[in-house]
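Trainee: This is the structure alone, sequence omitted:
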């Protein structure tokens, strides 16, 4: 099975080449291998999901792509430039797992900071912030503090903050993980509509099968630790996707295929998290 | 509860009235020599004479300027030290116990050294007050900055924040409630050590005047100065508390 489905390189927005990550750990001389020789090319405007059992290193990979972590070996090219453990805020925006809105600033102030740090002219801050807030239906909450909003509202705003900076690439680390399945699908629909307009390249980390199928152009299924790319699944369905897609037979088939693939890996991951045979309290 | 607040204030006022009554009774009955504790009306008369003199306002000005300088230095040095120490876990674990350990030593013991190094003038009091106030401010800065949530730091970094941006927009606001406690404790330590230092060895200032009045056995005058210090401390405390309440209200909305 081809691990590296290399599209035309000129089209690659992100090129991950042989990325390996080791963590120092007590009792392991070489450290723990978290990511093992990952290669993946992501086309411009493509929505790629990284799907895998928990602990497989998918968030680590995303942080390496975004320049927040430096890989032990291998390299990442973004727009032909090498990402070497330094963020490229002009090209890449993050939307993190937990809402990372700064709780000491109001919603509008959070947007201003994000725009200011990226060097956007002051005159544009409020217009762009309000535009992004309107797009997620949160404009009337601009003067609220994050903790005055519900988790779902915060995550909408968090998503809008990532989009308003208008980078070509958006890296999303389980942005809807804190939500229930229903809210997650509704926010997914919103995201699909929002993104169809912008033409952004997205890498989206999730462990939700339905979310992966609903949103992605391609799904990279990862193995249990050490994380490798097990296979890549093409979804082949135009954006934006109607909620009906979730009821289509193809949606169910893809979901079941993914589950079959993931199941083995989840078993491996769970086995490695159990006590070793004869192991006592550590 | 509103009725609770009324009851609490009433008890506090009653306590003050009893203390005042005991003072008046102790002096008028002759139970305590007027040389050691003059009657309240004598102290009041001394105080009202005192506030009319240039000597009073000169002393107050010197002391307030000394406190302001000492406190300003303590804030700059304490926050800077706290920031630098928390830049890495390694250095924090080296320095935090040292700063905390030094703070347990009564720095008053080193007061003669301050006089030797900085002279008898206000300079030694500035250095002494700043040194004492440095510790609670540095320790609370360390505690506040070290408590900043990694996820906000990472978010700021992903937006391209410089070191200063991270400090200004993430570290400082997240450390602020803890930092504020350090500033408050630091202020009262600074206030106390400047006055104490002036009383121990100096040529001017409120503390010096209290010590001088005691040496000359001018009890009413000494108590008049002390009353002034007490009233100043109480009003500064009310001011700081009202600032804190205002900040806490704003914090309450954001947390």
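Mentor: Thanks, I have the structure now. The structure displayed is predicted, hence computed values, not measured ones.
Trainee: For the residue lying closest to residue B:181 once chain neighbours are set aside, list the residues it contacts.
Mentor: Counting by Cβ to Cβ, 6 or more residues apart in numbering or on different chains, residue B:181 lies nearest to residue B:140, which is 5.6 Å off, once chain neighbours are set aside. All C-beta spots, glycine's among them, are computed from the backbone N, C-alpha and C. Taking Cβ atoms under 8 Å, 6 or more residues apart in numbering or on different chains as the criterion, residue B:140 is in contact with B:82, B:178-179, B:181-183, B:185.
Trainee: Enumerate the residues of chain A near chain B.
Mentor: Within chain A, the positions near chain B by Cβ under 8 Å from any Cβ of the partner chain are A:66, A:68, A:87, A:89-90, A:92-94, A:96, A:98, A:100, A:102-105, A:113-114, A:117-119, A:145-148, A:165.
Trainee: can you tell me which of those are in strands?
Mentor: If you go by DSSP state E, the residues of chain A next to chain B have A:92-94 in strands.
Trainee: Just among these, which is most surrounded?
Mentor: Using other Cβ atoms under 10 Å in any protein chain shown as the neighbour criterion, residue A:94 leads those with 29 neighbours.
Trainee: Skipping its backbone neighbours, what lies nearest that one in space?
Mentor: Leaving aside its chain neighbours, residue A:94 sits nearest to residue B:158 (4.2 Å; criterion: Cβ to Cβ, 6+ apart).
Trainee: can you pull the pLDDT of that neighbour?
Mentor: At residue B:158, the model reports a pLDDT of 90.
Trainee: and it, how far is that from residue B:142?
Mentor: For residue B:158, the distance to residue B:142 (Cβ to Cβ, to the nearest Å) stands at 26 Å.
Trainee: just residue A:239 next, same as before
Mentor: Here the distance between residue A:239 and residue B:142 works out to 49 Å (Cβ to Cβ).
Trainee: Would you mind telling me which of the two has more residues around it?
Mentor: Neighbours of residue A:239 and residue B:142, each counted by other Cβ under 10 Å, are more numerous for residue B:142; the result is 26 against 15.
Trainee: In this structure that one contacts residue B:79, no?
Mentor: No: look at residue B:142 against residue B:79 with Cβ atoms under 8 Å: they stay out of range, at 10.1 Å.
Trainee: Bridged to residue A:50, which residues?
Mentor: Using DSSP bridges, the bridge partners assigned to residue A:50 are residue A:205, residue A:220.
Trainee: how near is it to chain B?
Mentor: 17 Å (Cβ to the nearest Cβ, to the nearest Å).
Trainee: next one: residue A:78
Mentor: 13 Å.
Trainee: Can you pull the phi and psi angles for that residue?
Mentor: The phi/psi pair for residue A:78 (degrees, to the nearest 10) reads phi -120, psi 120.
Trainee: And for the closest residue to chain B within chain A, the neighbour number?
Mentor: Relative to chain B, the nearest point of chain A is residue A:89 (3.1 Å; Cβ to the nearest Cβ). As a burial measure, residue A:89 scores 21 neighbours (other Cβ under 10 Å).
Trainee: Give me the pLDDT for it.
Mentor: 86.
Trainee: if I pick the residue nearest to it when sequence neighbours are not counted, what's in contact with it?
Mentor: The shortest distance from residue A:89 to any non-neighbouring residue, by Cβ to Cβ, 6+ apart, is to residue B:160 (3.1 Å). Contact partners of residue B:160, counting by Cβ under 8 Å, 6+ apart, are A:87, A:89-90, A:117-119.
Trainee: Now, of those, which are buried?
Mentor: A:87, A:89, A:117-118 (16 or more other Cβ atoms under 10 Å in any protein chain shown).
Trainee: tell me which parts of chain B are close to chain A?
Mentor: B:151-152, B:154-161, B:165, B:169-170, B:173-174, B:176, B:251, B:253-255.
Trainee: any idea which element residue A:19 lies in?
Mentor: According to DSSP states H and E, residue A:19 maps onto strand A:12-25.
Trainee: So which elements touch that strand?
Mentor: On a contact count with 3 or more Cβ pairs under 8 Å, 6 or more residues apart in numbering or on different chains; DSSP states H and E, strand A:12-25 meets strand A:28-43, helix A:58-65, strand A:73-78, strand A:201-206.
Trainee: From the rest of the structure, what touches the third one?
Mentor: The set of residues that contact strand A:73-78 without belonging to it, under Cβ under 8 Å, 6+ apart, is A:12-20, A:37-38, A:64-65, A:67, A:82-84, A:88, A:91-92, A:169.
Trainee: check which helix or strand covers the closest residue to chain A within the stretch 151-255 of chain B.
Mentor: Nearest to chain A, among the residues of the stretch 151-255 of chain B, is residue B:160, at 3.1 Å (Cβ to the nearest Cβ). Counting by DSSP H and E, no helix or strand carries residue B:160.
Trainee: Now stretch A:262-270: buried residues?
Mentor: Buried residues in stretch A:262-270, counted by 16+ other Cβ under 10 Å: A:262, A:265-266, A:269.
Trainee: Output those residues as a markdown table; include the columns distance to residue B:229, pLDDT and secondary structure.
Mentor: Formatted as a markdown table, the buried residues of stretch A:262-270 follow (distance: Cβ to Cβ, whole Å; pLDDT from 0 to 100; DSSP: H, G, I helix; E, B strand; the rest coil):
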| residue | distance to residue B:229 | pLDDT | secondary structure |
| --- | --- | --- | --- |
| A:262 | 73 | 85 | helix |
| A:265 | 72 | 82 | helix |
| A:266 | 71 | 82 | helix |
| A:269 | 68 | 78 | helix |
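Trainee: what's the most distant pair in the residues you listed?
Mentor: The most widely separated members of the buried residues of stretch A:262-270 are A:262 and A:269, with 9.7 Å between them, by Cβ to Cβ.
Trainee: wait, isn't residue A:30 in contact with residue A:22?
Mentor: Yes: counting by Cβ under 8 Å, residue A:30 does reach residue A:22; the two are 6.6 Å apart.
Trainee: Name the residue in these two with the higher neighbour count.
Mentor: Neighbour tally, residue A:30 and residue A:22, criterion other Cβ under 10 Å: the higher count belongs to residue A:22, 17 against 8.
Trainee: and the helix or strand hosting residue A:272, what other elements does it pack with?
Mentor: With elements taken from DSSP H and E, the one containing residue A:272 is helix A:249-273. On a contact count with 3+ Cβ pairs under 8 Å, 6+ apart, helix A:249-273 meets helix A:209-215, strand A:218-222, strand A:229-234.
Trainee: Sweet, I'm off.
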